[in-house]
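A.B. asks: Predicted model follows, preceded by the sequence.
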Protein chains: 2
Amino acid sequence: MEFKDNIPIYLQIEQYLYRQIALGKLTAGEKIPSVRKLALELTVNVNTVQRALQQMNSQGILYTKRGEGNFVTEDTQLLAETKQSLINNELEQFVQNMERFGIKKVELVSTLENYLKDEGDQHE
Amino acid sequence: MEFKDNIPIYLQIEQYLYRQIALGKLTAGEKIPSVRKLALELTVNVNTVQRALQQMNSQGILYTKRGEGNFVTEDTQLLAETKQSLINNELEQFVQNMERFGIKKVELVSTLENYLKDEGDQHE
DNA sequence: TATACTGTATTATTTATCTATTACAGTAAT
DNA sequence: ATTACTGTAATAGATAAATAATACAGTATA
């Protein structure tokens, strides 16, 4: 995985795992790769992986069986809520950022539509 | 100004100034507050302000008259391009992030519309 | 009981960010 | 020339993030 500068890697790993869950690539109760495997895959130190997992653990998304591994929670409602919350945060941020550039809510949908239209043209 | 953790302050200052330009609160040729004033306003060290300004300087958005201050470029075309570029980047990021949560481009507009609708309801 | 996996903890080192402080240098007005 | 602004540079210190290396502890299985 390529990491951006200026954002802590452990946060980017956390975001990555949240995305895997939102996409359903990690499902309820599923075992996730061991910290050492993740560290190899992501070419990152074990401690950095550990730090990302600790946060998700304390948020209840993951739970640990010591000696066995880390598992996605079986609380499907929490998973659904988490996914919805991630998307809502993304929308909220988007609206806020666009307003900071002077684009008001009423203009937002048409701005997005135009962007998607032009964007599509360029790739054809 | 309140700063977020996990993002370098000098970058947040840079973003802040870019926003001021995008909003037209800083216009072509205008003098911006001195590094010391900005440092006071933002309750931040002078060096940190300096670092933000250096980047914008090297990007041509600001220019320096030593002993006088920093000024917004008079290149109105560059300013317009920069503003458009900021907005496009924001849109690009948004589309990408939503796709990472499994929301495809075709669903994007309606997702945004629904969010704005529900969002408005809550505040009434 | 070995062996090979798991997670966890500790220590030391490096790098980036930020602050604080001091000093130097250019500009302008009195 | 003095004063008061500007930007700039340099140094030292604090903290957070990340790496590296090592060790310890729980689980499962041959």
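C.D. replies: Structure's in. What do you need?
A.B. asks: C-alpha from now on. contacts and neighbour counts both.
C.D. replies: Fine.
A.B. asks: Point to the residue nearest the middle of chain A.
C.D. replies: residue A:15 (3.1 Å; CA atoms, centre = their mean).
A.B. asks: List phi and psi for that residue.
C.D. replies: phi -60, psi -40 (degrees, to the nearest 10).
A.B. asks: the bottom helix or strand of chain A by mean pLDDT?
C.D. replies: Here the helix or strand of chain A ranked lowest by mean pLDDT, DSSP states H and E is helix A:105-122, holding a mean of 92.
A.B. asks: and it, what does it pack onto?
C.D. replies: The contact analysis (3 or more CA pairs under 8 Å, 6 or more residues apart in numbering or on different chains; DSSP states H and E) places helix A:105-122 against helix A:76-100, helix B:76-100, helix B:105-122.
A.B. asks: So for DNA strand D, which of those helices sits nearest?
C.D. replies: helix B:76-100 (19.7 Å; CA to the nearest atom of the strand).
A.B. asks: quick one, that closest one and helix B:105-122 angle?
C.D. replies: 90 degrees (axes from the mean of the first three to the mean of the last three CA atoms, to 10 degrees).
A.B. asks: anything in helix B:76-100 near chain A?
C.D. replies: Yes. Helix B:76-100 is in contact with chain A by CA under 8 Å from any CA of the partner chain, via B:87-88, B:90-91, B:94, B:97-98, B:100.
A.B. asks: hmm, who's touching the least confident helix or strand of chain A?
C.D. replies: A:95, A:98-99, B:88, B:91, B:105, B:109, B:112-113, B:116 (CA atoms under 8 Å, 6 or more residues apart in numbering or on different chains).
A.B. asks: Can you list the buried residues in that helix?
C.D. replies: Within helix A:105-122, the residues that count as buried by 16 or more other CA atoms under 10 Å in any protein chain shown are A:108-109, A:111-112, A:115-116.
A.B. asks: now swap in stretch A:24-31 and tell me
C.D. replies: A:26-28, A:31.
A.B. asks: just the residues you listed now: which is nearest residue A:50?
C.D. replies: Set against residue A:50, the nearest of those by CA to CA is residue A:31 (15.3 Å).
A.B. asks: Please name the nearest non-neighbouring residue to the closest one.
C.D. replies: With CA to CA, 6 or more residues apart in numbering or on different chains as the criterion, residue A:31 has its nearest non-adjacent residue at 4.3 Å, and that residue is residue A:71.
A.B. asks: A strand includes residue A:17, no?
C.D. replies: No. Counting by DSSP: H, G, I helix; E, B strand; the rest coil, residue A:17 falls outside a strand, being helix.
A.B. asks: And what about residue A:64, helix, strand or coil?
C.D. replies: Once three-state DSSP is applied, residue A:64 turns out strand.
A.B. asks: Residue A:27 too?
C.D. replies: Classified using three-state DSSP, residue A:27 is coil.
A.B. asks: thinking again about what came up before, I'd like a version of the helices and strands packed on helix A:105-122 in CSV, one that adds distance to DNA strand C as further columns.
C.D. replies: Output for the helices and strands packed on helix A:105-122, formatted as CSV (distance: least, CA to the nearest atom of the strand, whole Å):
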stretch, distance to DNA strand C
helix A:76-100, 20
helix B:76-100, 20
helix B:105-122, 32
